Structure formats: C-alpha cells, structure tokens
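Novice: For reference, the sequence and a predicted model appear below.
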Amino acid sequence: MLTLTANAAQAIRDLTASAPEPAQSGVRISSQGEGASSLTLSLATAPEPADEVVEAQGARVYLDPVAATVLEDKSLDAGADDQGSVSFMVTEQTA
C-alpha cells in the first residue's frame, strides 16, 4: 500500500485545510487512460466508489484502481521550491 512521508502528509493537510469539507477532503491520484504512465493528482472532497483510501497523519489520499496497483509499493513525498510551490514525488518505499 502507498505510504506517505511526513512532508507529504503535511502538504496534503495544508492543501485540504481550506476545502469546503476538510474532514473528508484529500488528494486523489487517478490514471489517465489504460497505462500507468500518466497519473494525475487533484484535490477531492471525497473518494470515488472504487477508490482505495490511504490515511496517514491526518492526511487522506484517494487512489483509483489503476493508481492503487501502480503505487502499491511506493511512497509519496512532497517538497516546496523557493517560491513555496508544492510538488509531489513518488519514490521507492524504504524498509
């Protein structure tokens, strides 16, 4: 199952804090088309019916079935650039 780093969890909490329903809001990672080559991340107020839900440190990530399979053994990390723009990175899980 996808894991979240502390940085990713904080970034997701920050992004969803101003959402209309912050208690249920999270980010959704979904596939575009059949391949795993293009995954998109967007804000979501709730999971879709088939989504896998990952909760960690007060942050929620909703994964569509393709994304859940592709990211099964991965970790989501986040960082910010000098202007404060957040970017997310997928990395290998560490033991």
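Specialist: Here it is on my side, so go on.
Novice: Going along the chain, name the strands of the chain.
Specialist: In the chain, strands defined by DSSP state E lie at 3-4, 26-31, 39-44, 52-56, 59-63, 74-80, 86-92, listed in chain order.
Novice: middle-most residue in the protein, spatially?
Specialist: Val61 (4.2 Å; CA atoms, centre = their mean).
Novice: what residues are up against that residue?
Specialist: 2, 4, 12, 26-29, 53-55, 76 (CB atoms under 8 Å, 6 or more residues apart in numbering). C-beta coordinates here come from the backbone N, C-alpha and C atoms, glycine included.
Novice: What is the neighbour count of the spatially closest residue to it that is not a sequence neighbour?
Specialist: Closest residue to Val61 apart from its sequence neighbours, by CB to CB, 6 or more residues apart in numbering: Val54 at 4.4 Å. Counted with other CB atoms under 10 Å, the neighbours of Val54 add up to 20.
Novice: and if you look at Ser42?
Specialist: 9.
Novice: now Lys74
Specialist: Using other CB under 10 Å, Lys74 has 15 neighbouring residues.
Novice: Quick check: the residue nearest to the centre of the chain vs Ile12, distance?
Specialist: Separation of Val61 from Ile12 (CB to CB, to the nearest Å): 7 Å.
Novice: again with Val54
Specialist: Distance from Val54 to Ile12, by CB to CB: 10 Å.
Novice: Overlap of the contact sets of the two?
Specialist: Joint contacts of Val54 and Ile12 (CB under 8 Å, 6+ apart) are 4, 60-61.
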